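# Predicted model and sequence follow; I will ask about them next.
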Amino acid sequence: MSKQEQSRTVAELAALVGGRAVGDVGASVRHVASLEAAGEGDVAFVEDEKRFETARACRASCVIAPEGSASKLEGLKSLVEAARPKLAFALVAEALRPSQRLPAHVHPTAAVAESARLEEDVYIGAGASVGEGTSIGAGTQVHSNCVVGRGVTVGRDCVLRPNVVLYEGVSLGERVVLHAGVVVGADGFGYVRDEGGVYHKFPQVGTVIIDDDVEVGANSCIDRGALGVTRVGRGTKIDNLVQVGHNVEIGERVVIAAQTGISGSTVIESDAVIGGQVGFGDHARVQSGAVIGSQAGVLPGKIVRPGVWWGTPIQPLEEYKRLNALWGRLPRMREEIQELKRQVKELLARLEDKA
Amino acid sequence: MSKQEQSRTVAELAALVGGRAVGDVGASVRHVASLEAAGEGDVAFVEDEKRFETARACRASCVIAPEGSASKLEGLKSLVEAARPKLAFALVAEALRPSQRLPAHVHPTAAVAESARLEEDVYIGAGASVGEGTSIGAGTQVHSNCVVGRGVTVGRDCVLRPNVVLYEGVSLGERVVLHAGVVVGADGFGYVRDEGGVYHKFPQVGTVIIDDDVEVGANSCIDRGALGVTRVGRGTKIDNLVQVGHNVEIGERVVIAAQTGISGSTVIESDAVIGGQVGFGDHARVQSGAVIGSQAGVLPGKIVRPGVWWGTPIQPLEEYKRLNALWGRLPRMREEIQELKRQVKELLARLEDKA
Amino acid sequence: MSKQEQSRTVAELAALVGGRAVGDVGASVRHVASLEAAGEGDVAFVEDEKRFETARACRASCVIAPEGSASKLEGLKSLVEAARPKLAFALVAEALRPSQRLPAHVHPTAAVAESARLEEDVYIGAGASVGEGTSIGAGTQVHSNCVVGRGVTVGRDCVLRPNVVLYEGVSLGERVVLHAGVVVGADGFGYVRDEGGVYHKFPQVGTVIIDDDVEVGANSCIDRGALGVTRVGRGTKIDNLVQVGHNVEIGERVVIAAQTGISGSTVIESDAVIGGQVGFGDHARVQSGAVIGSQAGVLPGKIVRPGVWWGTPIQPLEEYKRLNALWGRLPRMREEIQELKRQVKELLARLEDKA
């Protein structure tokens, strides 16, 4: 695999991120690195003032730092002031390492069906399969031992890391990245029980459509729709070991952390943020702008409005924290009740005495 | 892959499901579809009266509907009245698309051991391996890049989707479906710690036996027994990313939703229903007829009786809901206690006054 | 795969585990088995006195039993008394079945890069790939359809079960065992959002270093560091479907059960024990000697001290159990409050009467 890092000058990086270059603005930068590890040819970043001391000792050719911080970071070879250093660093990293291109190549051990259509500059790794009637867009990489079924559409500049499986008929947009072991389009989990207790499979003959710029983490699973479509919208990012059930609709720019599971027909609207190990019952709806904390549980059919949520069943975060704090006070509350009972009993006795 | 959908007349479908055909009973049906998407040649179903208006606008050649509903669904090309429309629809789908047969074929890039025994009509995909002494039953499909170890027994008409791994010596019955990335027979998780803190592997030399008609979802793992056997009973359905530990025994017609984990030696009796993300400690026992809600936690050794359960540690659902509702009233309870303390203090003061 | 079980005499086994042999000490033993299944040539073990009756009926050639128990276990063919029978049994199993060696062999369908370096006695299975500049240590097995990226270092005597994926540049020590479907070195989950709501990938260009004697269960994922390193220390054991995020540091002899997820930059110190389905926020630290129960949730940045912990957010186990018990008493507490309110109201009324 060729690395294809590209070199840029500090002045070019500043222009790229709309920042201000200070110091040796002609210095050449090729790699991103941490403040601690960076050396000649590297660019690092610092955002938090607590890390300025570490930054001052940094040996990078360039450090990206907050606006107005140059005077506090003297002694560096060069510096780019940016409004949001971490974002600028991410943009610089994209520019320096513009997704690794592999040479156009079909490995002799790959099994590409005759009716499959590969556009220009496609890479098909060793042992990969591409099924009948499938099309693979220009510049796309299908790494070793991927299995792309029949009738699949893969857009341009996608990266399928090793051992990805695309079941028949599913569709990926452009620049989709699927990490190793991802399974797209397996049958949804739906059965109907007969009088004898036997489960009959509800037909799982729909498909999956994944839009542009989606990234899915290793060993995650996105099931096909039963009769309809499971959708993942543009720019959504899904972590490892996530389960997306049949007919789920995920909007654009949604973030879902590891090991979360989404049951059938649930809708996650655009710009939602979902923590790790969250569980969604079926037919729930998460509205745009909702943020759901890790390990939370969303009941079937629940509508989750904008705001921050946590717990099982989910509640507004502030409410959850308040209740959780009270939970810790339960022993004290119980003592208070006992004490009250004792006092009231005594009061009653004294009144009886007086009567 | 050939699709092999078969066409049936509406009258044949009605006979198949024990229903009553109305309208153009000679019309030919080939595919299942949703009410919204169905057209010429499709069969759809409607169960809930709320969906009758959608059903009336359906362009399917046939709609399966509840008994006695024909008069409310006029204008359809044809209709099959059935006692349980969704079940009838599932049965019809099975008849129209009788598990896709692949042609008997061993791909030239597959690695089949000389001593392996393939019965008639076996399909072995590109890059798949079959180990020494393994036998594969008639009509079974081993898709691309599956790895079937040595000494494995696979029954008739099984489907191993791509990248399934069967470790040495495990055994599958007939019509077992394993989705992509399933791992059967990996070592169980058992170690013994010595005085120096070092973990020594407890032997994991047992096996796995999966009975007929089991379906296992993508990337799920079923570990081999340590010394004995991990079993999955006939007709059980397991969703994606489920973990089944060593020596677990799962009965017949059990349903287990995604991301649930079952620790070693736990027993799930027949006809239990388990939600998603449930966790089981070791040596627990779920009795036949128990239903466990999603994200529940079952403690080691716990016996779960018939009924519906939820929470961690699990409690009867009704009890759990009652306690959960009270949890939300904690702030009110706390205020009431404070108010009582104030009132009692005042009462005491007044009594003192009088005294 | 050759089995290579080795036979030992009972006397040899006793010497191996520092125990005392009784009975036919010259009998030959080849396999481990359970008390119930053991027969001629097998060794079983019994630790719990409740199982002594089963042990007396055991037909094994040798039973490993607690010190001083020989007199209670008469009639066995032979017996080895050991201080810790289960540990002795594990050690005996290691001796009888010293990790299955496969013959040195590179399968003709494997794709090994020219610049890859294989030491002696390496096994590369069918359809496996080994990338440019990668080195594989002596005696290591890379099973069928594994994909080992470029620039990877794998130490001696490792076992990579089928379909393991090692991304470019990661490093394994010696005797590391990775079960089927494990993914090491996929990109960590890190993005920076711009003003338009678009997520830009934070660079994930670090690596993973796994030390000697680590075992990782099927379909688990260990992400590469963003800029730095994700580490797993010597002798640590990780179960199936576990997620280890970028820049996580796991110490030595840590045990992590199935489906646990560890967010970025969290540190698990040596000798910690982590249950199944536990979730860790980022930048948490688990100190050496901490034990965390299944399904627990550790908040970001939390420091978990030695001791036993449970719940979300985690609390000391004893505290958690106490609060949980009180939770069950909430209905009673609520009734008590209502009763107190009634009594206080009555008291007030009586006082008013008197006034």
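Perfect, thanks for sending it.
# so which strand or helix has A:E81?
Element membership for A:E81, per DSSP states H and E: strand A:78-82.
# Give me the longest helix you can find in chain A.
Using DSSP state H to define each element, chain A has its longest helix at helix A:330-354.
# Next to chain C, which bits of the stretch 1-150 of chain A? Give me the list.
A:1, A:31-34, A:37, A:84, A:86-87, A:89-91, A:93-94, A:97, A:107, A:109, A:125-127, A:143-145 (CB under 8 Å from any CB of the partner chain). Using the backbone N, CA and C atoms, a C-beta is placed for each residue, glycine as well.
# after the strand holding A:E81 comes which helix or strand?
Beyond strand A:78-82 on the C-terminal side, the first helix or strand identified by DSSP H and E is helix A:85-96.
# other SSEs contacting the following helix or strand past that next one?
Per DSSP H and E, helix A:85-96 leads on to strand A:105-106 as the next helix or strand towards the C-terminus. Contact analysis of strand A:105-106 by 3 or more CB pairs under 8 Å, 6 or more residues apart in numbering or on different chains; DSSP states H and E lists strand A:123-124 as its packing neighbours.
# in chain A, which segments are predicted with low confidence?
Within chain A, the stretches with pLDDT under 70 are A:1-5, A:98-99, A:355.
# Tell me who's in contact with A:H283.
Residues in contact with A:H283 (CB atoms under 8 Å, 6 or more residues apart in numbering or on different chains) are A:263-266, A:300-301.
# ok now the longest helix of chain A, how far from the chain's centre?
Chain-centre distance of helix A:330-354: 55 Å, with CA atoms, centre = their mean, to the nearest Å.
# How about that helix and chain B, any contact?
Yes: judged by CB under 8 Å from any CB, helix A:330-354 comes into contact with chain B at A:330, A:333, A:336-337, A:340, A:343-344, A:347, A:350-351, A:354.
# between that helix and helix B:330-354, what angle do the directions make?
30 degrees (axes from the mean of the first three to the mean of the last three CA atoms, to 10 degrees).
# Going by neighbour count, which residues in helix A:330-354 are buried?
Within helix A:330-354, the residues that count as buried by 16 or more other CB atoms under 10 Å in any protein chain shown are A:330, A:333-334, A:336-337, A:340-341, A:343-344, A:347, A:350-351.
# Over to stretch A:53-72?
A:55, A:58-66, A:69-70.
# follow-up on the earlier one: what is the most widely separated pair among the buried residues of helix A:330-354?
A:L330 and A:L351 (31.3 Å; CB to CB).
# Just the CA trace of stretch A:47-60, in PDB.
As requested, the backbone C-alpha atoms of stretch A:47-60 are provided in PDB (Å, rounded to 0.1, in the frame of the first residue of the first chain):
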ATOM      1  CA  GLU A  47      -6.300  23.500  22.100                       C
ATOM      2  CA  ASP A  48      -6.300  23.500  25.800                       C
ATOM      3  CA  GLU A  49      -4.200  26.100  27.600                       C
ATOM      4  CA  LYS A  50      -3.300  23.400  30.200                       C
ATOM      5  CA  ARG A  51      -1.300  21.800  27.400                       C
ATOM      6  CA  PHE A  52       0.600  24.900  26.400                       C
ATOM      7  CA  GLU A  53       3.700  23.900  28.400                       C
ATOM      8  CA  THR A  54       3.800  20.600  26.600                       C
ATOM      9  CA  ALA A  55       3.300  22.500  23.300                       C
ATOM     10  CA  ARG A  56       6.300  24.800  24.100                       C
ATOM     11  CA  ALA A  57       8.500  21.800  24.300                       C
ATOM     12  CA  CYS A  58       7.200  20.300  21.000                       C
ATOM     13  CA  ARG A  59       9.700  19.600  18.300                       C
ATOM     14  CA  ALA A  60       7.100  19.700  15.400                       C
END
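# picking that back up, possible to save the buried residues of stretch A:53-72 as TSV with distance to C:R234 and secondary structure?
Output for the buried residues of stretch A:53-72, formatted as TSV (distance: CB to CB, whole Å; DSSP: H, G, I helix; E, B strand; the rest coil):
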residue	distance to C:R234	secondary structure
A:A55	34	helix
A:C58	32	coil
A:R59	31	coil
A:A60	33	coil
A:S61	36	coil
A:C62	38	strand
A:V63	36	strand
A:I64	37	strand
A:A65	39	strand
A:P66	41	strand
A:S69	41	coil
A:A70	45	helix
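# Quick check: of those residues, which lies closest to A:S115?
Using CB to CB, A:I64 comes nearest to A:S115 of the buried residues of stretch A:53-72, at 49.3 Å.
# now that closest one, which residues is it bridged with?
Counting by DSSP bridges, A:I64 is bridged to A:F45, A:V80.
# I'd like the distance between it and A:T312.
41 Å (CB to CB, to the nearest Å).
# One more: A:D211?
Applying CB to CB to A:D211 and A:T312 gives a distance of 30 Å.
# Same question for A:W327.
In this structure, A:W327 and A:T312 are 14 Å apart, going by CB to CB.
# Between those two, tell me which one has more neighbours.
Between A:W327 and A:T312, counting by other CB atoms under 10 Å in any protein chain shown, A:T312 is the more crowded of the two (23 against 16).
# which ones are touching that one?
A:279, A:295-297, B:295.
# which pair in these spans the largest distance?
The span of the contacts of A:T312, defined through CB to CB, is set by A:A296 and B:Q295 at 9.2 Å.
# Give me the common contacts of the two.
In contact with both A:A296 and B:Q295: A:279, A:312, using CB under 8 Å, 6+ apart.
# mind listing what's buried in the particular helix or strand that has A:A14 in it?
Under the criterion DSSP H and E, the helix or strand holding A:A14 is helix A:10-17. Across helix A:10-17, burial judged by 16+ other CB under 10 Å covers A:10, A:12-14, A:16-17.
# With A:V154 as the reference, measure out to the nearest residue to A:A138 once chain neighbours are set aside.
Spatial nearest neighbour of A:A138, chain neighbours left out: A:E119 (3.9 Å); criterion: CB to CB, 6 or more residues apart in numbering or on different chains. Distance, A:E119 to A:V154, by CB to CB: 10 Å.
# Neighbour count: the two, which is higher?
Per other CB under 10 Å, whichever of A:E119 and A:V154 has more neighbours is A:V154, with 27 against 15.
# Name whatever forms a beta bridge with that one.
A:I136, A:L172.
# separation between it and B:V286?
Taking CB to CB, one finds A:V154 at 42 Å from B:V286.
# just A:A38 next, same as before
The gap separating A:A38 from B:V286 is 55 Å, by CB to CB.
# Who has more neighbours out of these two?
Higher neighbour count among A:A38 and B:V286: B:V286, with 29 against 23, using other CB under 10 Å.
# Am I right that that one is in contact with B:V267?
Yes: the pair B:V286 / B:V267 is scored as a contact, 7.0 Å apart, by CB atoms under 8 Å.
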